[in-house]
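K.L.:
Build me a model:
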Amino acid sequence: MTEIMNKSIYQKLLFFSLLIFLTVSATPLLAQQKAIKKVSIDETEKMAKEDPDNVILDVRTPGEIAEGHIEGAIFADYLGEDFVKKVEGLDKDKTYLMVCKVGGRASKATQLMIDLGFPNVFVMEGGMDSWLKAGKPVVK
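P.N.:
Residues are numbered from 1 along each chain as shown. The predicted structure is shown next:
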């Protein structure tokens with residue numbers, strides 16, 4: 001009976017030790033992932049107008065872009081096969097203001113760009129849907 005109890009205690013200690021080890025080991029990896037910075041629609045518009053090194057990068061599909069886009073934006077379809085290749089060809093010294101329909105793809109694209117070494121990448125909150133609701137200008 002005591003042998004069974006000792007084995008059970010040993011297994012529990014081993015389990016909790018392993019759990020603590022994994023938690024401590026994963027903490028530096030989680031800390032490496034940088035938080036995605038978000039900017040408002042008004043701030044996006046202001047940043048794009050004030051500095052030519054601030055680039056609006058629209059990551060929507062060509063069909064979505066044809067419905068209207070922000071003047072001066074460049075395009076790289078996040079769902080396209082060549083997205084990573086297009087991003088890798090961009091200037092890392094510029095600031096990128098990421099835009100999609102509502103913010104999901106822009107957030108994913110932003111994280112990818114951060115992982116590729118782009119230091120200045122922001123997501124426009126609410127995407128083009130919010131831009132349009134705010135009455136901001138679009139080009140068709």
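K.L.:
Which helix or strand lies directly C-terminal to the helix or strand harbouring residue 97?
P.N.:
Per DSSP states H and E, residue 97 falls inside strand 95-99. Following strand 95-99 in sequence order, the next helix or strand is helix 104-115 (DSSP H and E).
K.L.:
Can you verify residue 55 is assigned to a strand?
P.N.:
Yes. Under DSSP: H, G, I helix; E, B strand; the rest coil, residue 55 falls within a strand.
K.L.:
returning to that earlier point: the inter-axis angle of the strand holding residue 97 versus helix 104-115?
P.N.:
Computed by axes from the mean of the first three to the mean of the last three Cα atoms, to 10 degrees, the angle separating strand 95-99 from helix 104-115 equals 150 degrees.
K.L.:
So which bits of strand 95-99 are buried?
P.N.:
In terms of neighbour count (16 or more other Cβ atoms under 10 Å), strand 95-99 has its buried residues at 96, 97, 98, 99. No exception for glycine: its C-beta is placed from N, CA and C like everyone else's.
K.L.:
and if you look at stretch 93-111?
P.N.:
Result for stretch 93-111 [16+ other Cβ under 10 Å]: buried residues 96-101, 103, 105-111.
K.L.:
still on that earlier bit, same list (the buried residues of strand 95-99) but as a markdown table, adding pLDDT and distance to residue 37.
P.N.:
Converted to a markdown table, these look like this (pLDDT from 0 to 100; distance: Cβ to Cβ, whole Å):
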| residue | pLDDT | distance to residue 37 |
| --- | --- | --- |
| 96 | 98 | 11 |
| 97 | 98 | 10 |
| 98 | 98 | 10 |
| 99 | 98 | 14 |
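K.L.:
related to what we said a few turns ago, residue 49: which of the buried residues of stretch 93-111 is nearest?
P.N.:
Distance to residue 49 across the buried residues of stretch 93-111 (Cβ to Cβ) is lowest for residue 97, with 11.1 Å.
K.L.:
what pairs with that closest one across the strands?
P.N.:
residue 56, residue 122 (DSSP bridges).
K.L.:
tell me the contacts of it?
P.N.:
Counting by Cβ atoms under 8 Å, 6 or more residues apart in numbering, residue 97 touches 39, 44, 47, 48, 54, 55, 56, 57, 122, 124.
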